[in-house]
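Engineer: need coordinates for the following:
(chains A and B)
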Amino acid sequence: MEFIEKLVPSQRNQDFPINSTITERIGNFINRKIYWFLLAPSFIFYTLFSTVPMVMAIGIGFTDWNGISAQTIKWIGLGNYIELYSDNFFWISLKNNLVIVGGSVLVQMTLALLLAVILDSGLKGAEIFRTVFFIPTVLSFIVVGLLFSLILSPTVGIVNPLLFKLGLGSWQHQWLGDKQTALYTVMIANIWKEFGFSVFLFLAGLQTIPKELYEAARVDGAGPWRNLFSITFPLLKEVTIVVVILAVNQAFLIFDLIYVMTSGGPYHATEVLATYMYSRAFTSGRMGYGTAIAQVLFVIVFVVTLIQLRVTRAGKTEY
Amino acid sequence: MKSSEVSFISKLLIYFVLILILITILFPVIWMTYTAFKTPQEITADPFALPTTLFFGNFIKAFEVANFGRLILNSLFVTSVSVLGLLIFCSAAAYAFAVFKFKGAQYLFIYFLIGMMIPPQVILIPSFKIISTLNLQDNYLSLFFTYWSWVPFAIFFLRATFMSIPKELILAARIDGCNEFGIFWRIMIPLAMPGIVTVGIFYFVWIFNDFVWPLIYIRDTSMRTLTLGMMNFHGKYTSLWNLQMAALSLATWPPVIVYLLFRSKIQKGLTEGALKF
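Structural biologist: Numbers count the residues shown, from 1 in each chain, chains lettered A, B, ... in the order given. Down below sits the predicted model:
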């Protein structure tokens, strides 16, 4: 970039003749400092509506603010966090979050990877499967949640009747109303929505693997399974990291889906940190406390992401 | 692994699994749609049965009651303005980062990058406070400002795009007397268009399907977005199954149809974009 800077006259401070107009000088100023103007809108909106709230959130977490009156805010230091520690619902929410993260990531990582490999192998009709698998990705979580609520409905849904027809009548449940099944049901809905995106990412990654590697391996006598484990998986390591990080992130922050399917019920069986935060902040009017919950959520996600990056930075892949 | 190397039975098994998953995705949507064509009595009678006639009553009623046209228009309006603004702001910022060396550029870039890690849940409450202080609740500006703060993703993405454009073009344009803004607007943006379109698609889907920000900012029923409207409709008319099916069908098919129509273009753009990372 340096050589361009030196050669181009417009970048240098120009000496203005006495009779240059204001417009010319302003124009020249804009031209030289164009990057200010290019960056300004992004910077303004990002700072005002992303980083400033972020900083505020740290502060609000240390108060007992009820969200309405600014006069009665009291600084309570770690009061919220101490209360969180002995708050049963908080720990239930955390546990539920972990279940959803574990299940979703496990399935997305393995199933999506397998599917991607299968679809990439030149199977006839792969295009159709690829297209259909991606459909849930373009739907909103609200739509997905409502759709699942409908098919699981005890009155008009098809899941229970289907089980009955398959002779599995005893498996019928009030899927969303039963404490035992609600969380797993929500988790399955999440997987249904998200796995297509993971498949897509893996497929993109698979396409970067040079086909010559497989040719060379075949010449050396390697069979398909050997290919898979010795070539495909190692070279997909970076994509896998991305898939896992995104999946973990999404599952920890999950909100829309649960809000629309169960609102955290029945009796907190599907309560997660995001829904609990929302209920405390906007329903119970305890914004200080709710913010503290959100802060904990953020720290968890941040730390988990860092750990994943650290653990998997075991050297770059080499051929 | 080449398809030709796998045995016939394995292939059969694979197809079986693939088709099973296909059905898991398609059947609920199709079922919901054809159920919406049934009369209320038919719906409760046999969930699987196909409708005897194409009863449009549910759709008409749902459209009216949910004010569906309004919901979609609102969502489209909010999404379009937000995405347009985002694309302009992010292209500009990404171009600045890609081409110009200035003091603190590195730190500024990292500053933007950190933002990608901020989940909406954390800033939900303070943002609500900011917006209500500015008295912007029930005003679409609240949503515009919020979505326009989502710049980090595109800045990160488009910076790579701009960096892959040969710098000689800029040099030549400068020598020809083009001013910096002209270079940006008339040369670099058209060249970066594939990347910009890719980013635009991502943002469009994210913002159109967004729920939590309209949830806390919009109380006025006539200003609701589609996601918010669907949620409210569900809550208000929960046991009116016929309307539920119809309304949800109306909400589900447009994105699916748009996706299916532009599928090849979308897939190409996404793959190329993802690889440029």
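
Engineer: let me know the average pLDDT across stretch B:117-134.
Structural biologist: Here stretch B:117-134 scores 89 as its mean pLDDT.

Engineer: same question for stretch B:216-232.
Structural biologist: For stretch B:216-232, the mean per-residue pLDDT is 91.

Engineer: now that stretch, how far from the centre of its chain.
Structural biologist: 17 Å (C-alpha atoms, centre = their mean, to the nearest Å).

Engineer: repeat that for stretch B:61-80.
Structural biologist: That offset, for stretch B:61-80, works out to 16 Å (C-alpha atoms, centre = their mean).

Engineer: where along the stretch 151-300 of chain A do the helices fall?
Structural biologist: With helices called from DSSP state H, counting those that start in this stretch, the stretch 151-300 of chain A shows them at A:159-165, A:179-206, A:211-219, A:224-227, A:233-235, A:237-252, A:256-261, A:273-278, A:287-311.

Engineer: buried residues, the host helix or strand of residue A:98. List them.
Structural biologist: Assigned by DSSP states H and E, residue A:98 belongs to helix A:88-120. For helix A:88-120, a neighbour-count test (16 or more other C-beta atoms under 10 Å in any protein chain shown) marks A:90, A:92-94, A:96-97, A:99-101, A:103-105, A:107-109, A:111-113, A:115-120 as buried. No exception for glycine: its C-beta is placed from N, CA and C like everyone else's.

Engineer: do stretch B:208-223 as well
Structural biologist: B:208, B:209, B:210, B:211, B:212, B:213, B:214, B:215, B:216, B:217, B:218, B:223.

Engineer: just give me the closest of those to chain A.
Structural biologist: Proximity of the buried residues of stretch B:208-223 to chain A (C-beta to the nearest C-beta) peaks at residue B:209, which lies at 3.3 Å.

Engineer: can you give the domain ranges for the chain?
Structural biologist: Chain wasn't specified; assuming chain A. Domain assignment for chain A by automatic domain parsing gives A:15-60, A:80-311.

Engineer: let's do chain B instead
Structural biologist: Listed by automatic domain parsing, the domain ranges of chain B are B:3-60, B:70-236.

Engineer: so can I have a markdown table of the buried residues of stretch B:208-223 showing distance to chain A and secondary structure?
Structural biologist: Shown next, in a markdown table, are these (distance: C-beta to the nearest C-beta, whole Å; DSSP: H, G, I helix; E, B strand; the rest coil):
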| residue | distance to chain A | secondary structure |
| --- | --- | --- |
| B:208 | 7 | helix |
| B:209 | 3 | coil |
| B:210 | 8 | coil |
| B:211 | 4 | coil |
| B:212 | 6 | helix |
| B:213 | 10 | helix |
| B:214 | 10 | helix |
| B:215 | 8 | helix |
| B:216 | 7 | helix |
| B:217 | 12 | helix |
| B:218 | 14 | coil |
| B:223 | 17 | helix |
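
Engineer: residues making contact with stretch B:91-109?
Structural biologist: Around stretch B:91-109, the neighbours that count as contacts under C-beta atoms under 8 Å, 6 or more residues apart in numbering or on different chains are A:1-2, A:5, A:34-35, A:37-39, A:41-43, B:112, B:151, B:154-163, B:167, B:170, B:184, B:188-189, B:192, B:196.

Engineer: repeat that for 7 Å
Structural biologist: A:1, A:35, A:38-39, A:41-42, B:151, B:154-155, B:158-159, B:162-163, B:170, B:184, B:188-189, B:192, B:196 (C-beta atoms under 7 Å, 6 or more residues apart in numbering or on different chains).

Engineer: still on that earlier bit, for the domains of chain A, which has the smallest mean pLDDT value?
Structural biologist: domain A:15-60 has the lowest average pLDDT among those, namely a mean of 85.

Engineer: spell out whether that one and chain B are in contact.
Structural biologist: Yes - using C-beta under 7 Å from any C-beta of the partner chain, we find that domain A:15-60 touches chain B at A:31, A:34-35, A:38-39, A:41-42, A:45-46, A:49-51, A:53-54, A:56-57, A:60.

Engineer: tell me how far residue A:308 lies from residue A:106.
Structural biologist: Distance, residue A:308 to residue A:106, using C-beta to C-beta, to the nearest Å: 14 Å.

Engineer: can you tell me which residue is nearest the centre of chain B?
Structural biologist: The C-alpha lying nearest the average C-alpha coordinate of chain B belongs to residue B:205 (C-alpha atoms, centre = their mean; 0.9 Å).

Engineer: list the residues that contact the residue nearest to residue A:250 when sequence neighbours are not counted.
Structural biologist: Spatial nearest neighbour of residue A:250, excluding adjacent residues (C-beta to C-beta, 6 or more residues apart in numbering or on different chains): residue A:194 at 6.4 Å. Residue A:194 is in contact with A:104, A:108, A:247, A:250, counting by C-beta under 7 Å, 6+ apart.

Engineer: could you list the low-confidence segments of the stretch 151-277 of chain B?
Structural biologist: B:269-277 (pLDDT under 70).

Engineer: quick one: name the residues of it near chain A.
Structural biologist: Selection of the stretch 151-277 of chain B residues close to chain A by C-beta under 7 Å from any C-beta yields B:151, B:155, B:167, B:170-171, B:174, B:179-181, B:205, B:209, B:211-212, B:227, B:230-231, B:234, B:241, B:244-245, B:248, B:251-252, B:255-256, B:259, B:263, B:271, B:274-275.

Engineer: need phi/psi at residue A:152.
Structural biologist: Residue A:152 adopts backbone torsions of phi -90, psi 0, taken as degrees, to the nearest 10.

Engineer: excluding chain neighbours, give the residue nearest to it in space.
Structural biologist: Closest residue to residue A:152 apart from its sequence neighbours, by C-beta to C-beta, 6+ apart: residue A:175 at 4.3 Å.

Engineer: hang on, isn't the one you found packed against residue A:184?
Structural biologist: No - assessed by C-beta atoms under 7 Å, residue A:175 is found out of contact with residue A:184, at 8.7 Å.

Engineer: which of these two has more neighbours?
Structural biologist: Of the pair residue A:175 and residue A:184, residue A:175 is the one with more neighbours under other C-beta atoms under 10 Å in any protein chain shown, namely 24 against 14.

Engineer: for that one, phi and psi?
Structural biologist: According to degrees, to the nearest 10, residue A:175 has phi -50, psi -40.

Engineer: where's it relative to chain B, distance?
Structural biologist: Between residue A:175 and chain B the computed distance is 13 Å (C-beta to the nearest C-beta, to the nearest Å).

Engineer: so what's that residue up against?
Structural biologist: A:152, A:159, A:181, A:185.

Engineer: list the contacts for the third one?
Structural biologist: Okay, so that is residue A:181. A:173, A:175.

Engineer: for residue B:59, see how far away it is.
Structural biologist: According to C-beta to C-beta, residue A:181 stands 32 Å off from residue B:59.

Engineer: check the last one too.
Structural biologist: Summarising the geometry, the distance separating residue A:185 from residue B:59, computed by C-beta to C-beta, is 28 Å.

Engineer: these two: who's more crowded?
Structural biologist: residue A:185 (24 against 20).

Engineer: hmm, that one is touching residue A:176, no?
Structural biologist: Yes - the pair residue A:185 / residue A:176 is scored as a contact, 5.8 Å apart, by C-beta under 7 Å.

Engineer: correct me, but residue A:275 touches residue A:255?
Structural biologist: Yes - between residue A:275 and residue A:255 there is a contact under C-beta under 7 Å: 6.1 Å.
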